[in-house]
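Quick one: sequence plus predicted model below, questions after.
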Amino acid sequence: MQMLSNTVGRKVLMGVTGFFMLLFVIVHLLGNFSIFAGPDGINAYAEKLQGLGPFVWASRIFMAAMLAIHLIFGVLLTLENWSANPQKYAVKKMLKSTFAGETMIWTGLLLLSFIAYHLLQFTVRVTPDVVLGSDPKGRFDVFTMVRESFRIAPVSMIYLAAMVTLFLHLSHGIQSIAQTVGLSNDKTLPQYNAIGKALSVFFLLGYSAIPVLILAGVGIFAR
């Protein structure tokens, strides 16, 4: 409980929960890439994923807990920083902070809103853009659902805006995780900073490729 009541402990929790969410971003992107194998690729992937049953639900509950802890302590630490010594904090921000670092709380809250929308869209499947159906093999047709949703320009724009927000959040967050859990120091911090930015660009391009190619009607996404 002492970890929850002091700033250092809270930052460690932020780093650990952030690490697990970073792993989820990686795994989720790899799963999304199955759409480039066509309808059979992503529909087979989705069927196997759903076939895992209890493991899927356990993973969802675990990630929901990680997200909740990250959110709660992120807000608490931000409020503490704002109230501790506003003048000193402002000077510190001018000397060391980047735009991504200064806006972590806001990009985090925007991502939370997007996660809620994204779950309603492709998990609960209740948003108006979602097309429900089965493929010729009797599997739920994830490919058509995703393609038809991203053919709607405003839907793709929301998704792309969220990916830019994710880029900003992770471009600072990845090096912050390394620093918080003690993996970096003054000498190695620039290296972790570069790694964080490179990974963030990769996520931005990887996740954005799907709606962009669908909107453009390229290859398997041709109208």
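Arrived safely, thanks for sending.

what does stretch 22-41 contact?
With Cβ atoms under 8 Å, 6 or more residues apart in numbering as the test, stretch 22-41 has contacts from 42, 44-45, 49, 63, 135, 137, 141-144, 146, 166, 170, 173-174, 177, 203, 206-207, 210, 220. In short, each C-beta sits where N, CA and C put it, glycine included.

Which among those count as buried?
42, 44-45, 63, 135, 141-144, 146, 166, 170, 173-174, 177, 203, 206-207, 210 (16 or more other Cβ atoms under 10 Å).

How far does the helix with the most length in the chain sit from its chain's centre?
Identified as the longest helix of the chain according to DSSP state H is helix 54-84. Put simply, helix 54-84 sits 13 Å off its chain's centre (Cα atoms, centre = their mean, to the nearest Å).

for stretch 113-128, same thing?
14 Å.

Can you pull out the residues in contact with that stretch?
67, 129-130, 132, 145-146, 149, 158, 162, 165.

Now do the strands in this protein.
Using DSSP state E, no strands are found in the chain.

Against Arg139, how distant is the spatially most central residue of it?
Nearest residue to the geometric centre of the chain (Cα atoms, centre = their mean): Val25, 5.2 Å. Val25 sits 26 Å away from Arg139, going by Cβ to Cβ, to the nearest Å.

Now for Arg139, how many residues are close by?
17 (other Cβ atoms under 10 Å).

ok, it touching Lys48?
No: judged on Cβ atoms under 8 Å, Arg139 makes no contact with Lys48 at a distance of 10.1 Å.

before we move on, the earlier item: so for the residue nearest to the centre of the chain, what's the pLDDT?
On pLDDT, Val25 comes in at 96.

Tell me who's in contact with Ser156.
With contact set as Cβ under 8 Å, 6+ apart, Ser156 has these partners: 150, 211-212, 214-215.

Now do the same contact list for Leu199.
By Cβ under 8 Å, 6+ apart, Leu199 lies in contact with 170, 174.

any idea how far Ala46 is from it?
Taken as Cβ to Cβ, the span from Leu199 to Ala46 is 26 Å.

just to revisit the earlier point, if you look at the buried ones among the contacts of stretch 22-41, which of them are in helices?
Counting by DSSP H, the buried ones among the contacts of stretch 22-41 place 42, 44-45, 63, 142-144, 146, 166, 170, 173-174, 177, 203, 206-207, 210 in helices.

what's the burial count for the residue lying closest to Lys137 once chain neighbours are set aside?
Of all residues not flanking Lys137 in the chain, Asn43 sits nearest, at 7.4 Å (Cβ to Cβ, 6 or more residues apart in numbering). By other Cβ under 10 Å, the residues close to Asn43 number 25.

gap between Asn43 and Gly138?
In terms of Cβ to Cβ, Asn43 sits 10 Å off from Gly138.

Repeat that for Phe20.
Phe20 is 35 Å from Gly138, by Cβ to Cβ.

More neighbours: the two, which one.
Phe20 (15 against 9).

my guess is that one meets Met66, correct?
Yes: under the criterion of Cβ under 8 Å, Phe20 makes contact with Met66 at 4.7 Å.

I'd like to know how many residues surround the closest residue to Gln50 other than its chain neighbours.
In space, and not counting its chain neighbours, Gln50 is closest to Val56: 6.8 Å by Cβ to Cβ, 6+ apart. Val56 has 12 neighbours, counted by other Cβ under 10 Å.

just checking, Val56 touches Glu47?
No: under the criterion of Cβ under 8 Å, Val56 makes no contact with Glu47, lying 12.0 Å away.
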